[in-house]
Each structure stands twice: as structure tokens, then as C-alpha cells.
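Visitor: kindly return the folded structure for what I paste below:
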Amino acid sequence: MILDTNALSGFVDGDAGVGDALRTQARAAIPVIVLGEFRYGVGQSRRRSSYEAWLDANLIHFDVLSVTEETAIAYAALRMMLKRSGRPIPANDAWIAALALHHRLPVLSRDEHFDAVPGLDRRSW
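Guide: Numbers count the residues shown, from 1 in each chain. All right, here's what the predicted structure looks like:
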């Protein structure tokens, strides 16, 4: 399962629903895009030191998914298809979707715009 930024934030903040969803999965992954968004938010947080400590202690339990040339091809095709269909999604979420499709993993997210991506399994909590 791939976490989006809101799911990762919820998990770090102790949201039981995110934890319950992750416990049912064999694999938990964080796209490098999500890690960047999260670190950007952490950098502006009053709880910066505790969030950074959590990352230092827990990031090893997740697969960090990097963008490859194959991901870039899938991303471009996905964005073009969604734009043509009149249902574009934010660029970073298109990267997350491309990685999820590439790795054949569901996305844990409350963002319903992921539902516009054909073949993507979005799960909520």
C-alpha cells in the first residue's frame, strides 16, 4: 500500500484508522514525492523536531519509491489522459498514481480525485 501525504501525516500523528489500514498490508510504501511534501510541511511545523525524530526512527519500515524513466512515461500518459477526459488531478498526485500503478499497489488516501485514475485502487480510512 502506498501512502499519500495526508495518510502519512495521519499515521505519524497516531490516526488509528491509518494504522489499521496498514496492518492489513504486506507492504507499506512512501513515494519520494510524498516524502518531499511531508518534509516540506515538517520544516514549517512547530513540532519539527518530533516529526524529524519519527522519520529517523521509522522510515526504515517503509519502501521509499523513487521515480524512474518508466514512471515518467506512465505519469505523462496518465496526465494527458486525465486532461483529455476533463478530470485532471494535481501533478504530485499524478506522480503518486503513476507509482501506484507501476508497483501494482493500492493508494491510501481520502482524496477522491484518485478515483478518476483507471485501474487505481484507492482505499480510505
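Visitor: can you pull out the strands in this structure?
Guide: Shown for the chain, the strands assigned by DSSP state E span residues 2-3, 29-31, 63-65, 107-108, 122-123.
Visitor: so, low pLDDT: which residues of this structure?
Guide: For the chain, no stretch is flagged by pLDDT under 70.
Visitor: what packs against the longest helix belonging to it?
Guide: Across the chain, the helix with the greatest residue count (assigned by DSSP state H) is helix 69-84. The contact analysis (3 or more CB pairs under 8 Å, 6 or more residues apart in numbering; DSSP states H and E) places helix 69-84 against helix 91-103. Placement of C-beta: from N, CA and C, glycine included.
Visitor: can you give me the offset of the helix it packs on from its chain's centre?
Guide: Mean-position distance between helix 91-103 and its chain equals 8 Å (CA atoms, centre = their mean, to the nearest Å).
Visitor: for this structure, identify the residue most remote from the centre.
Guide: Distance from the C-alpha centroid of the chain, by CA atoms, centre = their mean, peaks at residue 84 (23.8 Å).
Visitor: what sits against the residue lying closest to residue 35 once chain neighbours are set aside?
Guide: Nearest residue to residue 35, sequence neighbours excluded (CB to CB, 6 or more residues apart in numbering): residue 64, at 6.2 Å. If you count contacts by CB atoms under 8 Å, 6 or more residues apart in numbering, residue 64 has them with 29-32, 35.
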